[in-house]
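Peer 1: what's the 3D shape of this:
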Amino acid sequence: ATATALSANLLMSQQQQQLANATATALSANLLMSQQQLANATATALSANLLMSQQQQLANATATALSANLLMSQQQQLANATATALSANLLMSQQQQQLANATATALSANLLMSQQQQLANATATATLSANLLMSQQQQQQQLANVMISSSTPI
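Peer 2: Below is the predicted model:
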């Protein structure tokens with residue numbers, strides 16, 4: 001009976017050992033599965049972070065490109081505005097030159113008219129002077145004729 005009891009205890013001990021081993025195996029498998037899930041979750045998180053990082057880099061690159069395009073657009077607008085201003089300055093310069101030419105022409109015409117007026121005045125003065133002189137000579141001749149005719153004896 002003692003031997004049977006010891007044998008039964010040994011059997012129970014072996015079963016307990018097997019159960020312990022099975023439990024340890026199951027726990028180990030669970031731990032391994034849990035570690036695999038952690039690894040998967042970590043890999044997923046890292047992949048998500050990488051994707052987010054790539055999206056951020058793309059967003060940054062896009063923003064940089066847009067900023068460069070905006071800068072180029074502003075430079076183009078500045079170039080256009082500068083060209084417009086230069087064109088306006090050229091137009092103003094041409095208009096000022098035309099005005100200066102027109103003013104010079106008008107002054108020249110005024111000077112010519114003034115010279116012509118002076119010539120006309122001088123001509124009129126000379127003509128009047130000559131007429132006056134001729135008139136005086138005629139009067140003197142008439143006076144001389146009268147004097148001659150009055151001094152002639154009858």
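
Peer 1: ranges for the helices of the protein?
Peer 2: 2-151 (DSSP state H).

Peer 1: show me where pLDDT drops low in it?
Peer 2: Within the chain, the ranges that satisfy pLDDT under 70 run 152-154.

Peer 1: now the most centrally placed residue in the chain: how far from residue 92?
Peer 2: Closest to where the C-alpha atoms of the chain average out (Cα atoms, centre = their mean) is residue 78, at 1.7 Å. Distance, residue 78 to residue 92, by Cβ to Cβ, to the nearest Å: 21 Å. Every residue, glycine included, has its C-beta placed from N, CA and C.

Peer 1: same check, this time on residue 114
Peer 2: 32 Å.

Peer 1: next one: residue 32
Peer 2: Counting by Cβ to Cβ - residue 32 and residue 92 are separated by 88 Å.

Peer 1: can you pull the contacts of residue 96?
Peer 2: Residue 96 makes contact with no residue under the criterion Cβ atoms under 8 Å, 6 or more residues apart in numbering.

Peer 1: any idea how far it lies from residue 103?
Peer 2: 10 Å.

Peer 1: try residue 85
Peer 2: The spacing between residue 85 and residue 103, counted by Cβ to Cβ, is 26 Å.

Peer 1: before we move on, what about residue 112?
Peer 2: Distance from residue 112 to residue 103, by Cβ to Cβ: 15 Å.
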